[in-house]
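Asker: Model the following, please.
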Amino acid sequence: QVQLVESGGGLVQPGGSLTLSCVASGFTFSSYTMNWYRQAPGKERELVIGISSAGRSTNYADSVNGRFTISRDNAKNTLYLQMNSLKPEDTAVYYCNFRRGWTPYWGQGTQVTVSS
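Answerer: As a prediction, the model looks like this:
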């Protein structure tokens with residue numbers, strides 16, 4: 001059974017940092033491209049950043065360039081998102097994701113709130 005469990009969200013002041021984690025199980029984590037999405041209130045879910053099985057990252061949201069870094073530890077079946085210089089517009093529920101064939105898999109999400 002595939003499981004993706006995110007953690008690490010919370011309330012942070014503008015300019016602060018957070019690191020999100022996503023622990024995966026039930027599939028061969030090291031073989032798949034993994035992604036972070038986010039969904040802000042009243043908005044559609046947005047693909048933010050991804051990392052290939054070989055460890056190559058790709059930014060999909062210009063707004064996070066230079067501030068967010070994705071990484072993975074295949075030995076721990078864990079995906080990370082390091083978020084620096086956070087802005088109020090980064091407030092959202094953050095989800096990890098991968099796709100096996102045509103089927104997407106999602107975690108339950110972790111809330112990130114950037115506010116003073």
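
Asker: what bridges to the residue lying closest to R45 once chain neighbours are set aside?
Answerer: Of all residues not flanking R45 in the chain, Q39 sits nearest, at 4.2 Å (C-beta to C-beta, 6 or more residues apart in numbering). C-beta: built from backbone N, CA, C; applies to glycine. In this structure, Q39 has beta-bridge partners V93, where bridges are defined by DSSP bridges.

Asker: ok, and for the strand or helix carrying L79, which residues are buried?
Answerer: Secondary structure from DSSP states H and E places L79 in strand 78-83. Along strand 78-83, the positions that meet the burial threshold by neighbour count (16 or more other C-beta atoms under 10 Å) are 78-81, 83.

Asker: gap between it and the chain center?
Answerer: Distance, stretch centre to chain centre, for strand 78-83: 6 Å (C-alpha atoms, centre = their mean, to the nearest Å).

Asker: V64 - how many residues pack around it?
Answerer: Here the number of neighbours of V64 (other C-beta atoms under 10 Å) works out to 23.

Asker: That one reaches I49, doesn't it?
Answerer: Yes. Under the contact definition of C-beta atoms under 8 Å, V64 touches I49, with a separation of 6.6 Å.

Asker: quick one, what contacts the residue nearest to R45?
Answerer: Taking C-beta atoms under 8 Å, 6 or more residues apart in numbering as the criterion, Q39 is in contact with 45-46, 92-93, 95, 109.

Asker: Look at the nearest residue to S7 once chain neighbours are set aside and give its secondary structure.
Answerer: In space, not counting the residues next to it along the chain, S7 is nearest to S21; the distance is 5.2 Å by C-beta to C-beta, 6+ apart. Under DSSP: H, G, I helix; E, B strand; the rest coil, the three-state class of S21 is strand.

Asker: Surely S21 and L4 touch.
Answerer: No. With contact defined as C-beta under 8 Å, S21 does not count as touching L4 (10.6 Å).
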